[in-house]
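Asker: could you work out the structure for the sequence below:
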Amino acid sequence: MVKEAKRSSTLWIKTKNANLHGFSWQSGYGAFSVGFSQIDSVRNYIATQEEHHRKITFQDEFRKFLKTHEIEFDERYVWD
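Answerer: Numbering: from 1, shown residues only. Here you go, the predicted model:
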């Protein structure tokens, strides 16, 4: 199911802008839900994440997120 969603969204994204012809998703994924009241925060995060990740790496932020929400994980299976 996830594989098909990634394939479909990749094809769709490539139709939106010629600069995105080389777009592809990373091989792994994580899925999390967001409450309606958090939509503005998520939009802001997405809009500023390039700048944000100059201060903290994606990997460190993801680890912190998992630990904050008490999600058990094994580093061997989290990263490409």
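
Asker: any idea how far residue 34 lies from residue 48?
Answerer: To residue 48, residue 34 is 16 Å away according to C-beta to C-beta, to the nearest Å. Where you see a C-beta, it was placed from the backbone N, CA and C, and this is true even at glycine.

Asker: swap in residue 35?
Answerer: 20 Å.

Asker: would you map the helices across the chain?
Answerer: 2-16, 39-52, 58-68, 75-78 (DSSP state H).

Asker: what number of residues lie near residue 23?
Answerer: 13 (other C-beta atoms under 10 Å).

Asker: wait, it sits on residue 15?
Answerer: No: in this structure residue 23 lies outside contact range of residue 15 using C-beta atoms under 8 Å: 10.6 Å.

Asker: check what pLDDT residue 61 gets.
Answerer: At residue 61, the pLDDT value in this model is 90.

Asker: ok, for it, nearest residue in space, not its chain neighbours?
Answerer: Closest residue to residue 61 in three dimensions, ignoring its sequence neighbours and counting by C-beta to C-beta, 6 or more residues apart in numbering: residue 53, at 7.5 Å.

Asker: still on that earlier bit, reformat the helices of the chain as CSV; add mean neighbour count.
Answerer: Formatted as CSV, the helices of the chain follow (neighbours: other C-beta atoms under 10 Å):
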stretch, mean neighbour count
helix 2-16, 11
helix 39-52, 10
helix 58-68, 12
helix 75-78, 8
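
Asker: let me have those helices in TSV, extended by distance to residue 30.
Answerer: What follows is the helices of the chain, written out as TSV (distance: least, C-beta to C-beta, whole Å):
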stretch	distance to residue 30
helix 2-16	10
helix 39-52	14
helix 58-68	7
helix 75-78	9
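
Asker: quick one: closest of these to residue 27.
Answerer: Judged by C-beta to C-beta, the one of these that comes nearest to residue 27 is helix 2-16, at 9.4 Å.
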